[in-house]
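Trainee: only geometry, no sequence info:
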């Protein structure tokens, strides 16, 4: 089950690398937010990467802070940013799988659970790097297309 955000649409967290690509980070972010809203994905939460907190650490913090409603995580940056966000999602999914397995093995606990197991986040990609090799290999156009 996906989580709807205020204003309708699906919950979206953007992990945004402001120094990826041509250096037009703020303009790119404005366009991305507008496009997501136009697609019905309202009120995205934007999380900037920094030299101290790369995309992997930033995504992990998102999962900790918004554990109950992380639905779609969009990685916006180059191949490194996308790789780090994908890795964080995989680790998060493994942790959820372990939680799910342990709860499922204890029928009484599982049956009495008041909230459903957390949905696993879906990865979205907005390639904004200089090479975008992953996006090219997957047939995903660069964000300036």
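Mentor: In hand now; what should we look at? Being a predicted model, the structure only gives us computed values, none of them experimental.

Trainee: For residue 12, which residues count as its bridge partners?
Mentor: Note on residue 12: beta-bridge partners residue 72, judged by DSSP bridges.

Trainee: For the helix or strand harbouring residue 57, name the packing helices and strands.
Mentor: In this assignment (DSSP states H and E), residue 57 forms part of helix 55-65. When contacts are defined as 3 or more C-beta pairs under 8 Å, 6 or more residues apart in numbering; DSSP states H and E, helix 55-65 sits against strand 12-16, strand 45-48, strand 72-77, helix 79-104. To be clear about C-beta, it is placed using only N, CA and C from the backbone, and glycine gets the same treatment.

Trainee: quick one: which of the ones you listed has the weakest pLDDT on average?
Mentor: Mean pLDDT values for the helices and strands packed on helix 55-65 show the minimum at helix 79-104, a mean of 78.

Trainee: Can you find the helix or strand of this structure with the lowest average pLDDT?
Mentor: Every helix and strand of the chain was ranked by mean pLDDT, DSSP states H and E. The lowest is helix 107-111, at a mean of 48.

Trainee: Following element in sequence after that one, please.
Mentor: For helix 107-111, the following helix or strand on the C-terminal side (DSSP H and E) is strand 122-127.

Trainee: tell me the mean pLDDT for stretch 27-35?
Mentor: For stretch 27-35, the mean pLDDT works out to 92.

Trainee: ok, and what's touching stretch 126-143?
Mentor: Applying C-beta atoms under 8 Å, 6 or more residues apart in numbering, the set of residues contacting stretch 126-143 from outside is 17, 20-22, 28, 31-32, 74-83, 125.
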